[in-house]
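Novice: For reference, the sequence and a predicted model appear below.
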Amino acid sequence: MQLQDILFSQGFGTRRVCAGLVQQGFVTVAGVPCTDPAMAFAAEGLHFTVQGVAWQYHAKAYLMLHKPAGYECSQKPSTYPSIYTLLPAPIRQRGGGAAAGVQAVGRLDQDTTGLLLLSDDGKFIHRMSSPKHHVPKVYQVTAKHPVDEAQVSKLLAGVVLDDDPRPVRAAACERTGECQLSLTLTEGKYHQVKRMIAAVGNRVEDVGGLHRSRIGSLALPAGLKSGDWRWLTAHDLASIAGTAAAVTGGAAPG
Ligand code: URA
């Protein structure tokens, strides 16, 4: 693949801009400066730098972000900054065109913190977010009032939310402190945790009340600071594809 096309595919600008970056000597490949935009390389896994910033070629982007409070998961946020501003420009611009860049796999409320996946692979986004695949998502909840066993039982048995007569139930739920719960859901309705907690007569604490700690087999790494992101590893991807397959009883989709 030509170097200018590699840069273009990774979100470094139009083909013309990418050719210019190479010609002006802003690009090194495997540590060696390269000024020929048409020079061909095996793209997969290629390490290069653009204006001194190290990069690696990824045919598709799969990332995790430790979402901080006070960010909206929308490309066009109404009140708070967008989570997309936490990502480097090339990741936001991958692919060019109207649907450029990565998209969040589902959304977290602006005040919710924790694990968020992003990708530019539509099939992956669908597989991870579709209620059909029942990928479990684990939330750590801090409630305003003490949590009792009756509330836990109701969350497990199922509560009716105002937009659907069918009860929604937690796949798992346990008290982890006087006002704390660990709650596992396999679907993602609007404000689902907050509405389920309200339906059992309690309320999620306004500040620091909701944190997503896990999606399927993937836990938010202790070392990934709030606001930071990282690429998913091949191991992460294999294990999360395994989760999606195991819960639907099928083979991991490619
Ligand atoms: N449920 C909620 O109520 N909010 C979130 O952000 C995620 C799940």
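Specialist: Noted; the coordinates are in hand.
Novice: Report the beta-bridge partners for the spatially closest residue to residue 192 that is not a sequence neighbour.
Specialist: Once flanking residues are discounted, residue 192 sits nearest to residue 185: 6.1 Å by C-beta to C-beta, 6 or more residues apart in numbering. In short, each C-beta sits where N, CA and C put it, glycine included. Legend: beta-bridge partners of residue 185 under DSSP bridges are residue 137.
Novice: measure residue 185 to the ligand for me?
Specialist: 7 Å (C-beta to the nearest ligand atom, to the nearest Å).
Novice: In contact with that residue, which residues?
Specialist: Taking C-beta atoms under 8 Å, 6 or more residues apart in numbering, we find residue 185 in contact with 136-137, 139, 168, 170-171, 192-193.
Novice: Show me just the buried residues among those.
Specialist: Neighbour-count burial (16 or more other C-beta atoms under 10 Å) applied to the contacts of residue 185 gives 136-137, 139, 168, 170, 192-193.
Novice: Write out the residues of the stretch 1-150 of the chain neighbouring the ligand.
Specialist: Within the stretch 1-150 of the chain, the positions lying close to the ligand (C-beta under 6 Å from any ligand atom) are 108-109, 112.
Novice: Switch the residues you listed over to a markdown table; also include neighbour count and pLDDT.
Specialist: Shown next, in a markdown table, are those (neighbours: other C-beta atoms under 10 Å; pLDDT from 0 to 100):
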| residue | neighbour count | pLDDT |
| --- | --- | --- |
| 108 | 24 | 97 |
| 109 | 18 | 98 |
| 112 | 23 | 98 |
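Novice: Dump those residues into a markdown table; add distance to residue 144 as well.
Specialist: What follows is these, written out as a markdown table (distance: C-beta to C-beta, whole Å):
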| residue | distance to residue 144 |
| --- | --- |
| 108 | 20 |
| 109 | 16 |
| 112 | 16 |
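Novice: Show only the entries of those residues found in helices.
Specialist: Among those, no residue falls in helices (DSSP state H).
Novice: what are the phi and psi angles of the nearest residue to residue 81 once chain neighbours are set aside?
Specialist: With sequence-adjacent residues excluded and distances taken as C-beta to C-beta, 6+ apart, residue 81 is closest to residue 71, at 5.6 Å. When read as degrees, to the nearest 10, the backbone of residue 71 gives phi -130, psi 140.
Novice: What of residue 27?
Specialist: Dihedral pair for residue 27: phi -120, psi 130, per degrees, to the nearest 10.
Novice: what pairs with it across the strands?
Specialist: Per DSSP bridges, residues listed as beta-bridge partners of residue 27: residue 50.
Novice: Wait, it touches residue 41, no?
Specialist: No - using C-beta atoms under 8 Å, residue 27 is not in contact with residue 41; the gap is 11.0 Å.
Novice: that older thread, any idea which of the contacts of residue 185 is closest to residue 32?
Specialist: Of all the contacts of residue 185, residue 32 sits closest to residue 137, with 44.2 Å by C-beta to C-beta.
Novice: For that closest one, give me its contacts.
Specialist: Neighbour list for residue 137: 184-186, 188, 212, 214-216 [criterion: C-beta under 8 Å, 6+ apart].
Novice: ChimeraX command to pick out the buried ones of those residues?
Specialist: Applying 16+ other C-beta under 10 Å to the contacts of residue 137, the buried members can be selected in ChimeraX as follows:
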select :185,186,188,212,214,215,216
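Novice: ok, which stretches of the stretch 151-254 of the chain are helices?
Specialist: Ranges of helices within the stretch 151-254 of the chain are 192-199, 234-248, based on DSSP state H, counting those that start in this stretch.
Novice: and residue 92, which of those helices is closest to it?
Specialist: Among those, helix 234-248 sits nearest to residue 92 (C-beta to C-beta), with 21.2 Å.
Novice: could you give the mean pLDDT of that closest one?
Specialist: Averaged across helix 234-248, pLDDT comes to 77.
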